[in-house]
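S.K.: return a 3D structure for these sequence lines:
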Amino acid sequence: MVESLNLFVDETTVKQIYEKALYKNPDVFSIDIDGMDYYIARMLLETGLRPKIIVVEYNSAFGPEKSLTIPYNSTFNMFYTAHPYLYYGVSIKDWQNLFAQYNYQFLTVETNGINAFFINAGEFSEAVPENIRSIHFKENIHQMRLFKKDFGGQFEMIKDLPLVTIE
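M.R.: The predicted model follows:
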(Lines give C-alpha, C1' and ligand atoms only; values in the text may rest on other atoms or scores of the structure.)
Protein backbone atom coordinates (compact mmCIF):
# COMPACT_ATOMS: atom_id res chain seq x y z
CA MET A 1 0.00 0.00 0.00
CA VAL A 2 1.27 3.47 -0.87
CA GLU A 3 0.03 6.60 0.83
CA SER A 4 1.03 10.12 -0.13
CA LEU A 5 1.29 12.96 2.34
CA ASN A 6 1.67 16.47 0.94
CA LEU A 7 3.32 18.84 3.41
CA PHE A 8 6.42 20.95 3.88
CA VAL A 9 9.01 18.82 5.63
CA ASP A 10 10.89 20.41 8.52
CA GLU A 11 11.49 19.75 12.21
CA THR A 12 7.91 20.73 13.05
CA THR A 13 6.36 18.11 10.75
CA VAL A 14 8.56 15.10 11.60
CA LYS A 15 6.20 13.93 14.33
CA GLN A 16 3.25 14.27 11.95
CA ILE A 17 5.06 12.20 9.32
CA TYR A 18 5.83 9.51 11.87
CA GLU A 19 2.26 9.45 13.18
CA LYS A 20 0.81 9.22 9.65
CA ALA A 21 3.11 6.34 8.70
CA LEU A 22 1.08 3.16 8.25
CA TYR A 23 4.10 1.13 9.35
CA LYS A 24 6.89 2.11 11.72
CA ASN A 25 9.12 -0.43 9.96
CA PRO A 26 8.28 -0.03 6.25
CA ASP A 27 10.12 -2.09 3.67
CA VAL A 28 11.64 1.00 2.01
CA PHE A 29 12.12 4.59 3.08
CA SER A 30 13.56 7.15 0.69
CA ILE A 31 14.36 10.78 1.35
CA ASP A 32 15.44 13.37 -1.21
CA ILE A 33 14.58 16.91 -0.16
CA ASP A 34 17.72 18.65 -1.46
CA GLY A 35 18.84 20.17 1.77
CA MET A 36 17.83 19.15 5.24
CA ASP A 37 17.84 15.40 4.50
CA TYR A 38 20.30 14.56 7.32
CA TYR A 39 18.31 16.35 10.01
CA ILE A 40 14.92 15.02 8.96
CA ALA A 41 16.18 11.42 8.62
CA ARG A 42 17.90 11.65 12.02
CA MET A 43 14.72 12.99 13.64
CA LEU A 44 12.62 10.22 12.08
CA LEU A 45 15.05 7.58 13.37
CA GLU A 46 15.04 9.21 16.82
CA THR A 47 11.24 9.08 16.74
CA GLY A 48 11.34 5.33 16.09
CA LEU A 49 11.05 4.83 12.34
CA ARG A 50 12.92 1.62 11.39
CA PRO A 51 12.66 0.86 7.67
CA LYS A 52 14.23 -2.31 6.34
CA ILE A 53 15.88 -0.43 3.44
CA ILE A 54 16.84 3.24 3.35
CA VAL A 55 17.60 5.13 0.14
CA VAL A 56 19.15 8.58 0.49
CA GLU A 57 20.64 11.20 -1.77
CA TYR A 58 24.21 12.20 -0.98
CA ASN A 59 26.27 15.15 -2.18
CA SER A 60 29.40 13.82 -3.88
CA ALA A 61 31.01 17.28 -3.80
CA PHE A 62 31.86 16.50 -0.16
CA GLY A 63 33.95 13.55 -1.35
CA PRO A 64 34.14 10.02 0.07
CA GLU A 65 35.87 10.81 3.40
CA LYS A 66 34.45 14.10 4.75
CA SER A 67 31.61 13.83 7.22
CA LEU A 68 29.69 17.00 6.35
CA THR A 69 26.27 18.46 5.93
CA ILE A 70 24.91 21.97 5.67
CA PRO A 71 23.55 23.81 8.73
CA TYR A 72 19.89 23.30 9.56
CA ASN A 73 17.65 25.94 8.02
CA SER A 74 13.92 25.22 7.86
CA THR A 75 13.50 27.50 4.82
CA PHE A 76 16.52 26.19 2.90
CA ASN A 77 16.18 26.06 -0.88
CA MET A 78 19.25 24.92 -2.81
CA PHE A 79 18.17 26.95 -5.83
CA TYR A 80 18.67 30.18 -3.87
CA THR A 81 22.18 29.47 -2.56
CA ALA A 82 25.51 30.83 -3.75
CA HIS A 83 26.01 27.56 -5.64
CA PRO A 84 22.75 25.93 -6.75
CA TYR A 85 23.07 22.19 -7.43
CA LEU A 86 26.29 22.10 -5.41
CA TYR A 87 25.63 23.47 -1.92
CA TYR A 88 23.08 21.09 -0.41
CA GLY A 89 22.67 17.84 1.46
CA VAL A 90 24.92 15.33 3.10
CA SER A 91 28.19 13.51 2.49
CA ILE A 92 28.20 9.74 2.01
CA LYS A 93 30.42 9.41 5.10
CA ASP A 94 27.93 11.37 7.20
CA TRP A 95 25.12 9.05 6.15
CA GLN A 96 27.25 6.02 7.00
CA ASN A 97 28.00 7.42 10.46
CA LEU A 98 24.38 8.28 11.20
CA PHE A 99 22.88 5.00 10.05
CA ALA A 100 25.53 2.89 11.80
CA GLN A 101 24.23 4.31 15.10
CA TYR A 102 20.89 2.65 14.31
CA ASN A 103 22.29 -0.70 13.15
CA TYR A 104 22.06 0.04 9.43
CA GLN A 105 24.66 -1.34 7.09
CA PHE A 106 25.88 0.50 4.02
CA LEU A 107 25.29 -1.51 0.85
CA THR A 108 26.28 0.60 -2.14
CA VAL A 109 25.78 3.76 -4.15
CA GLU A 110 24.30 3.70 -7.61
CA THR A 111 26.32 4.41 -10.73
CA ASN A 112 25.09 8.01 -11.23
CA GLY A 113 26.55 9.04 -7.88
CA ILE A 114 23.28 10.31 -6.47
CA ASN A 115 21.73 7.71 -4.14
CA ALA A 116 23.08 5.46 -1.40
CA PHE A 117 21.46 2.30 -0.06
CA PHE A 118 21.44 0.99 3.52
CA ILE A 119 19.78 -2.01 5.12
CA ASN A 120 18.63 -2.70 8.63
CA ALA A 121 21.14 -5.46 9.35
CA GLY A 122 18.74 -7.36 11.60
CA GLU A 123 16.16 -7.72 8.83
CA PHE A 124 18.34 -9.60 6.33
CA SER A 125 20.53 -12.66 6.34
CA GLU A 126 24.29 -12.11 6.31
CA ALA A 127 24.34 -13.36 2.72
CA VAL A 128 22.53 -10.25 1.43
CA PRO A 129 25.34 -7.71 1.87
CA GLU A 130 28.01 -10.32 1.11
CA ASN A 131 26.47 -11.01 -2.31
CA ILE A 132 26.30 -7.37 -3.40
CA ARG A 133 29.18 -5.89 -5.33
CA SER A 134 29.39 -2.62 -3.47
CA ILE A 135 30.38 0.72 -4.96
CA HIS A 136 31.60 2.82 -2.02
CA PHE A 137 31.62 6.21 -3.74
CA LYS A 138 30.73 7.56 -7.13
CA GLU A 139 30.79 11.15 -8.28
CA ASN A 140 27.48 12.73 -9.18
CA ILE A 141 27.44 12.61 -12.97
CA HIS A 142 25.14 15.64 -13.23
CA GLN A 143 27.39 17.80 -11.04
CA MET A 144 30.46 16.77 -13.03
CA ARG A 145 28.74 17.77 -16.28
CA LEU A 146 27.45 21.04 -14.86
CA PHE A 147 30.61 22.21 -13.08
CA LYS A 148 33.25 20.51 -15.27
CA LYS A 149 35.20 19.60 -12.11
CA ASP A 150 35.65 16.50 -9.99
CA PHE A 151 34.48 16.41 -6.38
CA GLY A 152 37.70 18.09 -5.19
CA GLY A 153 37.18 21.04 -7.51
CA GLN A 154 33.51 21.20 -6.61
CA PHE A 155 34.32 21.23 -2.89
CA GLU A 156 36.75 24.12 -3.46
CA MET A 157 33.79 26.12 -4.75
CA ILE A 158 31.74 25.63 -1.55
CA LYS A 159 34.35 25.12 1.18
CA ASP A 160 33.92 28.65 2.54
CA LEU A 161 30.14 28.35 2.88
CA PRO A 162 28.69 27.25 6.22
CA LEU A 163 29.20 23.50 6.73
CA VAL A 164 28.63 21.24 9.73
CA THR A 165 31.05 18.45 10.60
CA ILE A 166 29.29 15.50 12.19
CA GLU A 167 31.39 13.17 14.31
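
S.K.: count of residues packed around residue 80?
M.R.: 8 (other CB atoms under 10 Å). For every residue, glycine as well, the C-beta is placed using N, CA and C.

S.K.: can you pull out the low-pLDDT segments for the chain?
M.R.: 1, 127 (pLDDT under 70).

S.K.: show me the helices in it, by range?
M.R.: 14-20, 37-47, 92-100, 127-130, 141-147, 151-158 (DSSP state H).

S.K.: do you know how far the closest residue to residue 96 other than its chain neighbours is from residue 64?
M.R.: Spatial nearest neighbour of residue 96, excluding adjacent residues (CB to CB, 6 or more residues apart in numbering): residue 106 at 5.1 Å. To residue 64, residue 106 is 12 Å away according to CB to CB, to the nearest Å.

S.K.: any idea how far residue 58 lies from residue 163?
M.R.: Taking CB to CB, one finds residue 58 at 14 Å from residue 163.

S.K.: of those two, who's got more company?
M.R.: Neighbours per residue, other CB under 10 Å: of residue 58 and residue 163, the larger number sits with residue 58, 26 against 16.

S.K.: for that one, which non-adjacent residue is closest in space?
M.R.: Nearest to residue 58 is residue 92, by CB to CB, 6+ apart, at 4.5 Å.

S.K.: what's the answer for residue 102, then?
M.R.: Nearest non-adjacent residue to residue 102 (CB to CB, 6+ apart): residue 45, at 5.2 Å.

S.K.: I figured the one you found hits residue 100, correct?
M.R.: No: using CB atoms under 8 Å, residue 45 is not in contact with residue 100, being 11.5 Å away.

S.K.: more neighbours: which of the two?
M.R.: residue 45 (18 against 13).

S.K.: what comes up buried for stretch 105-112?
M.R.: 105-109 (16 or more other CB atoms under 10 Å).

S.K.: of the residues you listed, which is the nearest to residue 134?
M.R.: Within the buried residues of stretch 105-112, the smallest distance to residue 134 is 4.4 Å, found for residue 108 (CB to CB).

S.K.: what pairs with that closest one across the strands?
M.R.: residue 117 (DSSP bridges).

S.K.: picking up where we left off before, can you list the buried residues of stretch 105-112 in JSON lines and add distance to residue 49?
M.R.: Compiled in JSON lines, those are given as follows (distance: CB to CB, whole Å):
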{"residue": "105", "distance to residue 49": "17"}
{"residue": "106", "distance to residue 49": "18"}
{"residue": "107", "distance to residue 49": "19"}
{"residue": "108", "distance to residue 49": "22"}
{"residue": "109", "distance to residue 49": "22"}
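
S.K.: fine by me, we can end here.
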